[in-house]
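Q: fold the stuff below for me.
(one chain, ligands or ions: 1)
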Amino acid sequence: MAIYSIWVVEFASIRHFPESFMIAGTAGGQTRRLPYTYAVVQGEGRTVLVDVGFAWRDYAKALVDTMGLDDWQPPKVALGAVGVDPETITDVLITHAHFDHMGGMEFFPRATFYLQERELTKWVWSLSVDARLKKLHFTVNPADILHAVKLAGEERLRLVCGDRDEFLPGIDLRLAEDSHTWGSMYVVIRNDGRADSEDVWVLAGDLVHTFDNLGLAGPTPGIYTSGVAGIGGQYALLNAIDRMVNAAAGDPGRVIPAHEERLGERFPSRVTAHGLRVTEIALATGTKSRVK
Ligand SMILES: [Zn+2]
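A: This next block holds a predicted model:
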């Protein structure tokens with residue numbers, strides 16, 4: 001008995017992204033395709049979105065166009081591939097404030113957004129630091145931070161403080177403080193609804209970028225490797241990976257990275273007419289597949 005369907009939906013990609021950005025210690029100039037994704041969690045009469053992607057203009061466009069991004073689709077099109085209308089999304093869980101995860105809040109006019117308190121307040125602080133420390137907020141769009149504060153004032157964004165059990169039925173929120181970002185959050189879905197669940201999925205955001213970080217691929221199977229560009233550094237990231245794997249009863253294959261192009265090797269998936277992949281991580285009992 002599965003409560004939720006979970007789909008990871010690509011909405012854009014960079015064809016040749018440096019591996020060295022995703023896997024610490026990688027040299028040699030190798031590249032791979034980097035998809036940008038959000039995840040739909042649907043069941044119990046709810047459609048929840050994890051992350052909102054970005055609007056392809058201004059800060060985001062200036063950044064990604066230099067890396068060769070040209071296949072961006074708006075949520076109406078990208079989510080349409082799994083039969084979801086952005087207007088019907090009521091709850092959005094934002095893993096962190098980087099432009100590619102929090103830059104698309106405007107596309108979800110009826111949603112309430114949830115973000116860790118530390119994530120928003122520390123980015124506000126970070127924007128005020130001296131210019132020579134500016135690298136701190138690389139890939140954070142100041143306009144997104146302002147937008148989040150505005151939505152908080154309109155009671156459409158709520159800040160979560162730390163870990164929350166059963167935030168939604170069967171769904172726990174977990175804080176990974178000072179890791180990839182100041183207040184990165186991962187989402188634990190106990191898909192049988194039980195406290196000692198045997199059917200757990202973890203949506204990791206960017207605490208892992210790829211299967212390599214989880215020891216599921218790459219030259220060192222079973223050994224975690226961190227990504228780079230984290231606020232908190234290697235130890236914080238490895239620790240977060242271990243916590244996520246433990247939450248998934250020790251199975252790294254149940255921890256889902258946000259930027260992994262090979263999800264289709266482990267889960268049913270299909271590629272849409274726009275060249276973007278939709279992956280079915282889980283299917284709620286009685287629900288028809290959206291990838292077959
Ligand atoms: Zn990202």
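Q: start to end distance for stretch 270-288?
A: Start and end residues of stretch 270-288 are separated by 15 Å (CA to CA, to the nearest Å).
Q: any idea how far it is from the chain center?
A: Taking the mean of its C-alpha atoms, stretch 270-288 sits 17 Å from the chain's own mean (CA atoms, centre = their mean, to the nearest Å).
Q: what does stretch 111-128 give?
A: Mean-position distance between stretch 111-128 and its chain equals 16 Å (CA atoms, centre = their mean).
Q: can you mark which positions in that stretch are buried?
A: By neighbour count with 16 or more other CB atoms under 10 Å, stretch 111-128 contains the buried residues Ala111, Phe113, Tyr114, Leu115, Gln116, Arg118, Glu119, Leu120, Lys122, Trp123, Ser126. Where C-beta positions appear, they are placed from N, C-alpha and C, glycine not excepted.
Q: for the stretch 101-250 of the chain, give me the ranges with low pLDDT.
A: In the predicted model, the stretch 101-250 of the chain carries pLDDT under 70 at residues 229.
Q: find the closest residue to the ion in it.
A: For the stretch 101-250 of the chain and the ion, the shortest gap (CB to the ion) falls at Asp206, measuring 4.4 Å.
Q: excluding its backbone neighbours, what's nearest that residue?
A: What sits nearest to Asp206 in space, not counting adjacent residues and going by CB to CB, 6 or more residues apart in numbering, is His180, at 4.8 Å.
Q: for the ion, what are the nearby residues on the stretch 1-150 of the chain?
A: Counting by CB under 5 Å from the ion, the stretch 1-150 of the chain comes close to the ion at Asp100.
Q: for the stretch 1-150 of the chain, just list every one of the strands.
A: 5-18, 31-43, 46-50, 91-93, 112-116 (DSSP state E, counting those that start in this stretch).
Q: in the fourth one, what counts as buried?
A: Of all the residues in strand 91-93, those buried under the rule 16+ other CB under 10 Å are Asp91, Val92, Leu93.
Q: who does that strand pair up with?
A: Its sheet considered, strand 91-93 pairs with strand 46-50 (parallel), strand 112-116 (parallel) by DSSP bridges.
Q: pull the last one out as CSV, backbone CA atoms only.
A: The C-alpha coordinates for strand 112-116 follow below in CSV (Å, rounded to 0.1, in the frame of the first residue of the first chain):
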residue,chain,number,x,y,z
THR,A,112,2.1,28.0,0.3
PHE,A,113,5.8,27.7,0.4
TYR,A,114,7.9,26.1,3.2
LEU,A,115,11.5,26.7,3.7
GLN,A,116,13.9,26.4,6.6
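Q: give me the contacts around it.
A: Contact with strand 112-116 is made by 52, 90-94, 97, 102, 105, 148, 151, 156-162, 167, 173, 175, 183-185, as judged by CB atoms under 8 Å, 6 or more residues apart in numbering.
Q: which of those residues are buried?
A: For these, a neighbour count by 16+ other CB under 10 Å gives the buried set as 52, 91-94, 97, 102, 105, 148, 151, 156-157, 159-160, 167, 173, 175, 183-185.
Q: for stretch 62-73, the distance to its chain's centre please.
A: Taking CA atoms, centre = their mean, one finds stretch 62-73 lying 18 Å from the centre of the chain it belongs to.
Q: pLDDT of that stretch, averaged?
A: If you average the pLDDT over stretch 62-73, you get 93.
Q: and what of stretch 24-37?
A: For stretch 24-37, mean pLDDT is 89.
Q: taking the centroid of this protein, which residue is nearest it?
A: Gly205 (3.0 Å; CA atoms, centre = their mean).
Q: does that one touch His96 like I think?
A: Yes - assessed by CB atoms under 8 Å, Gly205 is found in contact with His96 at 5.7 Å.
Q: now do the shared contacts for these two.
A: Common contact partners of Gly205 and His96 (CB under 8 Å, 6+ apart): His180, Ser184, Met185.
Q: for the buried residues of strand 91-93, which one is nearest the ion?
A: The closest of these to the ion turns out to be Leu93 (CB to the ion; 14.7 Å).
Q: helix, strand or coil: sort out Val291 for me.
A: Classification of Val291 using DSSP: H, G, I helix; E, B strand; the rest coil returns coil.
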